[in-house]
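A.B. asks: Turn this into a structure:
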Amino acid sequence: KMAFTIGGGVNLEKCYANLLSADTNNDGFLSQSEFLPYLQSSAPNGLLDTNQYGSPLTAFSMLPQSFVGVYNFFACGDAFVGCPSVIGIDISGLLLQGSSSGGGAGEMLSEQETTF
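C.D. replies: Numbers count the residues shown, from 1 in each chain. Here you go, the predicted model:
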């Protein structure tokens, strides 16, 4: 079975599965503390296990600024604006897709997903 991919070979099924498994409290939001394990599970060969100095990445605040920007873009609407009052990145649509369509995550992309 061939996985659905976009652009440079992104496996959406794996991406969505990683998002869902990183949402450890199953609230439909990917918090900052859940974002780091999501990135680490998605990166090849432990690429995000340590920073450029070899220290283990153990907290969101230790991520390179580009990854913080990605989180802020999806959680806050702007890569350069933090929003500590926001619960996290809304992934509740994945929960609904998985339960209503038999696990067919990736069937429909939102406007934000297709734009990004």
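
A.B. asks: Helices along this protein, start to end?
C.D. replies: 12-22, 32-42, 65-76, 92-100, 111-115 (DSSP state H).

A.B. asks: okay, those helices in a markdown table with mean pLDDT, mean neighbour count and distance to Leu57 next?
C.D. replies: For every residue, glycine as well, the C-beta is placed using N, CA and C. A markdown table is the format used below for the helices of the chain (pLDDT from 0 to 100; neighbours: other Cβ atoms under 10 Å; distance: least, Cβ to Cβ, whole Å):
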| stretch | mean pLDDT | mean neighbour count | distance to Leu57 |
| --- | --- | --- | --- |
| helix 12-22 | 92 | 17 | 14 |
| helix 32-42 | 94 | 18 | 7 |
| helix 65-76 | 94 | 17 | 10 |
| helix 92-100 | 72 | 14 | 24 |
| helix 111-115 | 47 | 9 | 26 |
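
A.B. asks: Including distance to Tyr53, could those go into TSV?
C.D. replies: Shown next, in TSV, are the helices of the chain (distance: least, Cβ to Cβ, whole Å):
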stretch	distance to Tyr53
helix 12-22	25
helix 32-42	17
helix 65-76	15
helix 92-100	34
helix 111-115	34
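
A.B. asks: how about those, which one is nearest Pro56?
C.D. replies: Of all those, helix 32-42 sits nearest to Pro56, with 10.4 Å by Cβ to Cβ.

A.B. asks: How far does the closest one sit from its chain's centre?
C.D. replies: In terms of Cα atoms, centre = their mean, to the nearest Å, the centre of helix 32-42 is found 7 Å from the chain centre.
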